[in-house]
Each structure stands twice: as structure tokens, then as C-alpha cells.
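K.L.:
For reference, the sequence and a predicted model appear below.
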Amino acid sequence: MRFPYLAAALLVSLFFAEAQQVVPGSIAAPAATRLSGDPLGRDTPQSAVIRFLEACRTRDYKQATSYLDLRALPSAQRALEGPTLAKQLEQLLDRNTEFDAGSMSRNPQGDTGGGHEPVASFVDEGHAYQVDLERVQLHPNYPVWQFSSSSVGLIPQLYKLVGESAFERRLPEPLVSWTLLETAVWRWLALILLAALLAALSSLLSRGLLGLVHPILRRASAYLHPEILEALAGPLRLLVVVAGFRAGMEFIGPSALLRLYLGRVLAFLFSIGVAWAAMRLVEVATDRIRFVLAADHENISSSILPLVNKIGKIVIVLLTVTVILSNWGYNTTTVLAGVGVGGLAVALAAQKTLENLFGGVAVISDRPVLVGDTCRFGDRTGDVEDIGLRSTRIRTADRTLVTVPNGQFSLMTLENLSRRDKIWFHPRLSLTRETSPAQIRQLLDSISRLLDSNPKVDPGGRSVRFAAVGAYSLDFDISAYVLTANDDEFSRVQQELLLGILEAVEAAGTRLALPTQASINYTADATSAGTDCSPADRT
């Protein structure tokens with residue numbers, strides 16, 4: 001499915017999900033609409049307005065009068081005129097496209113601090129009228145927010161402004177009279193057509209916008225690469241749909257409650273679009289850094305950058321979730337506190353997982369090995385293929401893939417074989433006891449010349465010594481460094497040197513001492529010595 005259609009489907013599905021969240025008594029209702037001190041939810045300006053609109057949506061205008069300050073009316077008229085005033089106020093707010101319940105204060109004291117909060121403005125014959133909320137002490141233990149008595153007095157006058165437009169009078173009567181969420185059917189159809197049109201044109205609009213912006217950004221920065229704008233094409237399509245739909249809502253004019261729901265959905269999609277763009281920029285940035293480091297620091301780019309990419313995306317997701325919850329009316333401070341307590345419980349239950357996570361960070365930051373290195377860990381040797389958040393994967397010499405948890409891997413003694421600048425060539429040579437001193441000197445000279453003649457042997461670090469006179473052999477110690485870090489090349493050089501040493505032994509007229517020869521010599525010596533010994537001694 002192409003993204004514009006997915007975005008349209010997501011917008012519709014999220015709308016209905018959000019609509020379920022604000023139903024009175026719903027468990028999943030946002031914090032702004034939950035009950036606290038006042039059973040009618042009039043603790044904050046936003047909750048008072050939302051609960052008023054919800055009561056009107058269910059046609060419970062008797063309860064809706066609880067959100068109006070009717071103290072200026074005679075007590076005998078309150079029960080009679082209150083529901084009518086509530087219904088008229090609902091229609092006034094529905095027709096005022098500038099009214100947005102989602103933007104109202106969630107502070108119990110209000111944002112102005114004077115006990116009054118503006119709700120909506122109306123203009124009649126050049127005069128501006130303000131409908132506002134007032135903090136009223138109806139209960140001795142807590143104050144509540146109600147539409148002020150002065151605003152209630154303006155409702156009959158302002159209601160005269162509400163009426164069918166010339167466009168509505170031309171429409172079939174069912175399209176105007178039938179409503180859903182206090183919104184006429186023709187407005188629903190207009191919203192659906194607007195979403196479909198924006199989804200169909202989003203690709204064209206985003207490409208055109210990128211085409212206009214690219215020359216400006218190109219002049220502003222010489223280092224701007226085309227792939228950056230290409231990476232932003234997808235998120236920009238979503239943001240274009242959101243912005244266009246938000247602008248279209250001002251002309252279509254859905255009801256106040258529907259505007260609240262749609263506003264939350266659009267805020268969600270806008271946050272998703274921004275997060276998507278941020279993730280794309282993180283990917284482009286890491287790709288560019290990897291390209292720059294590929295020549296000289298390929299191991300670093302293949303080890304550290306993927307981890308940085310993952311951590312950056314996780315941070316973006318967490319920030320996005322926090323912003324979305326805040327826009328939907330949840331108290332993020334309470335949520336974060338709950339996450340902290342829950343995080344402590346999760347941390348206690350997932351100690352090994354966290355140990356592996358921090359172990360991966362330790363391996364990446366300390367860099368004992370990098371992706372592509374050959375290392376010896378424990379009693380095994382292999383090539384590092386991946387260093388993840390939880391484990392490190394190593395390909396062994398027999399082509400098996402070993403997965404080591406990072407918590408364990410970070411505590412191992414790691415021998416990085418790829419960091420060698422040269423490899424030690426250190427064979428020990430044992431000759432028979434019959435080898436003469438002249439043969440020993442000849443062999444020392446021959447092996448020294450052999451090492452000097454090989455260009456892959458470090459001339460400054462070689463030595464050939466007659467090391468020891470053993471019980472059954474004469475021992476030579478040969479030490480040299482082969483100027484390579486490649487195991488295959490070292491094996492070839494070592495083979496040449498060992499064959500040369502064997503040829504030098506043969507040319508000197510001696511031979512290597514073998515354990516069987518030592519055993520035979522010992523037996524022969526014991527037998528010859530036994531002729532001078534008693535049977536008991538031989539035993």
C-alpha cells in the first residue's frame with residue numbers, strides 16, 4: 001500500500017480510536033477529562049468545555065446546564081431556560097471555526113490567573129463579543145469552571161447569528177439535517193473528499209515544495225546533498241496532508257467536538273511526520289559519516305555508527321510519544337513518574353538484558369574489537385560480524401556463527417589479532433646429541449643468512465641461538481618477526497622458512513632429535529651399562 005492511502009486510512013482509524021477515548025466514563029479517557037474533585041469534571045477550563053460538549057452530544061442538555069452559570073436567572077427560569085441555552089451555546093461553538101477545545105488550559109487555576117478564561121469570540125455588526133469561563137466557588141471544598149453569567153446572557157443575542165448558509169440552503173435537506181457527532185452529513189463528505197484529494201496530490205505537492213526549497217537551501221549551504229531532500233520526501237507528504245487537512249477544516253467547519261477529535265488525530269500524525277523526518281535525517285547523517293570514514297576508519301563506521309543510529313531513533317520515538325501524550329491531554333509529568341517507577345521494576349526483572357545493553361555500550365566505547373576484526377575470546381577465534389545492543393556475533397574458522405551476550409563479552413580477555421603490525425615466528429629446534437660444535441656453528445650461520453635473505457623478516461628483531469644442552473637433544477631458539485598482519489601470508493612465509501631450516505640441518509650433516517631416538521639411545525646405554533651391573537641393579 002502506498003503511503004498517502006495508508007495515511008488516510010490511519011487518520012480515519014485513529015479518529016475513531018480517539019473518539020472512544022473521550023466518551024464519559026471511559027477508562028482510557030485523557031487526564032484532562034477524568035474526574036478528580038468535581039464529579040462533573042469541571043476542574044480545569046479544558047475539561048469543563050469538553051465535558052459540556054460531550055453532554056450536548058448525548059442530548060443530555062439538562063446535565064449540560066451544570067456547566068453554565070445561571071445564577072443571574074431567577075430560580076424558576078433556570079430549569080426551563082437552561083437546556084435551551086446549553087443547546088444554543090453548543091451550536092454557537094460548533095459554528096465558530098476558531099474555537100479549539102484542545103488548546104484550552106489544563107491548569108486548574110487557568111492560564112490568565114484572574115479566574116476567567118476566554119473560550120471563543122464572535123462578531124455581530126462590527127461589535128466583538130467574548131464567551132468565557134469563570135471560576136466559581138459552588139462547593140466549599142473546591143471551585144469549578146463554568147461559562148460565566150455574562151456569557152450566558154449573550155447566548156440569545158449571539159444565537160441569531162447561527163443559521164443555514166446560502167450554500168446549505170441549496171443542498172438536499174437530508175445532507176443538512178442528518179448529523180453525526182453534531183456534524184452535518186455534507187460536512188462529513190467534504191472532510192472525506194478533502195482527505196482523499198490531499199492523499200492523491202500529496203506526492204505532487206511535496207515534490208513541488210522540494211523543488212522550490214532546493215535552490216534556496218543550495219545557496220544557503222554548499223554542503224547540502226540531494227539525498228537529504230530525497231529522504232524527506234516521504235515525511236513531507238504526510239506533513240502536507242496534515243497541513244492541508246487542518247486548513248480545510250477551517251472552511252468546512254465541523255462541530256466543536258469533532259474538531260477536538262480531528263485536532264488530536266492531526267497532532268498525532270504531525271508528530272509522527274516530524275519523527276519520521278528526524279529518523280530519516282539520522283539515517284542520512286550516519287550514511288554520510290560512514291562514507292567519509294569508509295576509507296580510513298571502516299571498522300569504526302561499521303561498529304559505532306549502527307549503534308548511534310539505533311540509539312538516536314529510540315530517543316526520537318520516546319520524545320514523540322511524550323509529545324503525543326501531552327497533546328492529547330495526558331499529564332506527562334505523571335506519566336514519566338509512572339514510567340520511572342515501572343522502569344525500576346522492569347530493570348529489576350530484566351537485569352541481564354540491561355547488563356547486555358550496557359555491555360554493548362562498553363564494547364563500542366572502549367573499542368577492544370570492531371566489526372571486521374579477528375579476535376581470540378576464551379579458547380576460540382573468529383571474525384566479528386556484528387556488535388548489537390544485546391549481543392556480539394562472531395564467525396569462527398569452521399564458519400559457525402557464535403553469539404556472545406555483551407555482558408559476558410565485555411568481561412572477557414579479548415585478543416585482537418587484527419591489530420598486529422607483525423607476527424612472531426618462534427620455532428624451537430632440537431638436534432641429536434651427536435651434533436658437533438662445528439655443525440652447530442655452521443647451522444647458526446645458515447639459519448641467520450636464511451632469515452636475513454627473506455624480505456618479509458624484520459631485520460631488527462631476529463635472533464638465532466644455541467639455547468640449551470638437553471638430556472637427549474641440543475636445543476636451538478629461533479626468534480623473528482614476519483612483517484605482515486595477514487595469517488595466510490604469514491603461513492606462506494613460515495613454510496618457506498621452515499623448509500629452509502630443514503635444508504640447513506641436512507646440509508650441516510646432522511638431524512633432528514626425535515623422542516623415539518632418545519628412547520632407543522637410553523635403552524642402548526642402559527643395556528651396555530648392565531654388563532657391569534649385578535642382576536639386582538639391572539632389576
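P.N.:
Received, thanks.

K.L.:
helix/strand/coil for the nearest residue to His139 once chain neighbours are set aside?
P.N.:
Closest residue to His139 apart from its sequence neighbours, by C-beta to C-beta, 6 or more residues apart in numbering: Asp38 at 7.3 Å. C-beta coordinates here come from the backbone N, C-alpha and C atoms, glycine included. At Asp38 the chain is in coil, as set by DSSP: H, G, I helix; E, B strand; the rest coil.

K.L.:
Tell me where the stretch 251-400 of the chain has helices.
P.N.:
256-293, 298-327, 332-349, 351-366 (DSSP state H, counting those that start in this stretch).

K.L.:
Of those helices, which shows the lowest average pLDDT?
P.N.:
The minimum mean pLDDT among those belongs to helix 332-349 (a mean of 57).

K.L.:
how about the strands in the stretch 351-500 of the chain?
P.N.:
Using DSSP state E, counting those that start in this stretch, the strands of the stretch 351-500 of the chain run over residues 374-377, 380-387, 391-396, 401-405, 414-416, 423-425, 428-431, 463-469, 474-482.

K.L.:
quick one, what contacts Gly470?
P.N.:
For Gly470, the contacting residues are Ser430, by C-beta atoms under 8 Å, 6 or more residues apart in numbering.

K.L.:
gap between Ser151 and Arg95?
P.N.:
Using C-beta to C-beta, to the nearest Å, one obtains 16 Å as the distance from Ser151 to Arg95.

K.L.:
More neighbours: these two, which one.
P.N.:
Set Ser151 next to Arg95 and count neighbours by other C-beta atoms under 10 Å: Ser151 wins out with 24 against 18.

K.L.:
So the more buried one sits against Ala120, correct?
P.N.:
No - counting by C-beta atoms under 8 Å, Ser151 stays clear of Ala120, with 9.3 Å between them.

K.L.:
Next, show the common contact partners of those two.
P.N.:
130-131.

K.L.:
residue contacts, the residue positioned nearest the centre of the chain?
P.N.:
Geometric centre of the chain, nearest residue: Ile314, 2.1 Å, by C-alpha atoms, centre = their mean. Contacts for Ile314 (C-beta under 8 Å, 6+ apart) come out as none.

K.L.:
what's the burial count for Gly113?
P.N.:
9.

K.L.:
next one: phi and psi at it?
P.N.:
As for Gly113, its main-chain torsions (degrees, to the nearest 10) stand at phi 80, psi 0.

K.L.:
Please apply the same query to the one 10 residues further on.
P.N.:
According to degrees, to the nearest 10, the main-chain angles of Val123 amount to phi -120, psi 130.

K.L.:
ok, it touching Tyr129?
P.N.:
Yes - contact criterion C-beta under 8 Å: Val123 and Tyr129 qualify, at 7.4 Å.

K.L.:
In terms of neighbours, single out the busier of the two.
P.N.:
Tyr129 (15 against 10).

K.L.:
so what are the domain limits for the protein?
P.N.:
35-163, 185-342, 356-419, 423-521 (automatic domain parsing).

K.L.:
Could you tell me the least trusted of the ones you listed?
P.N.:
Across the domains of the chain, domain 185-342 gives the lowest mean pLDDT, at a mean of 76.

K.L.:
I'd say the residue nearest to His139 and Gln146 touch.
P.N.:
No - Asp38 is beyond contact range of Gln146, at 10.5 Å (criterion: C-beta under 8 Å).

K.L.:
How about Gly359, nearest residue that isn't a chain neighbour?
P.N.:
In space, Gly359 is closest to Asn406, 3.4 Å off (C-beta to C-beta, 6+ apart).

K.L.:
let me fix that: Phe476
P.N.:
Leu429 (3.8 Å).

K.L.:
Number of residues surrounding the one you found?
P.N.:
The number of residues packed near Leu429 is 22, by other C-beta under 10 Å.
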